[in-house]
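**Q** Build me a model:
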Amino acid sequence: MLYDLNARVRRDHPREPGVWFEFKPLSGREARKAKAAQAERAIALVSGMSPDRLAQLRTMRPDGAAAVTDHSQTYDVDTVLEAGIVAWSYPAPLDAIGSLDEGTSDWAFNEIMALSLRDAAEGEASGVESVQPTDPAPALSLVN
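**A** Down below sits the predicted model:
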């Protein structure tokens with residue numbers, strides 16, 4: 001699939017009237033970087049655990065409740081925010097992403113992941129055009 005460099009969507013902040021964000025879906029490279037960063041965090045967390053705690057975690061079973069997809073278990077939130085937020089209405093530069101409150105960070109992360117991941121029911125990704133492997137290499141064109 002070819003990443004659409006112009007794929008952007010503007011969303012109003014749900015708890016701050018008049019505040020908006022522009023998001024873009026993650027490219028494959030950005031998604032891999034976010035996964036690798038999260039994997040490093042998980043390894044660091046597990047490597048610091050005692051053998052008893054690791055054994056306890058291995059024996060834990062889900063309680064049967066409906067599973068909730070938490071993409072922050074797979075993708076590093078900070079990496080996703082830095083790659084996926086392309087503009088906002090705050091009077092601060094984008095390098096202040098690390099200063100977002102937790103609620104705003106969670107909302108923005110979920111918006112970016114919704115744009116980035118395929119909708120399994122429909123089989124399509126937002127803002128991404130696919131090229132079938134059997135097609136000849138497509139010609140790239142720049143449109144102004």
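**Q** What is the neighbour count of residue 39?
**A** Neighbour count of residue 39, defined by other C-beta atoms under 10 Å: 13. C-beta coordinates here come from the backbone N, C-alpha and C atoms, glycine included.
**Q** Revised request: answer the last question for residue 71.
**A** 17.
**Q** Now it. Nearest residue, chain neighbours left out?
**A** residue 113 (4.6 Å; C-beta to C-beta, 6 or more residues apart in numbering).
**Q** Wait, that neighbour touches residue 70, no?
**A** No - assessed by C-beta atoms under 8 Å, residue 113 is found out of contact with residue 70, at 10.0 Å.
**Q** When those two are compared, which one has more neighbours?
**A** Neighbour totals were compared for residue 113 and residue 70, and residue 113 leads with 22 against 9 (other C-beta under 10 Å).
**Q** so who does the more buried one touch?
**A** Residues counted as contacts of residue 113 (C-beta atoms under 8 Å, 6 or more residues apart in numbering) are 71, 75, 80.
**Q** For residue 91, see how far away the residue lying closest to the second one once chain neighbours are set aside is.
**A** Yep, that's residue 75 we're talking about. Computed as C-beta to C-beta, 6+ apart, the closest residue to residue 75 that is not its neighbour in sequence is residue 34, at 4.2 Å. Computed as C-beta to C-beta, to the nearest Å, the residue 34 to residue 91 distance reads 28 Å.
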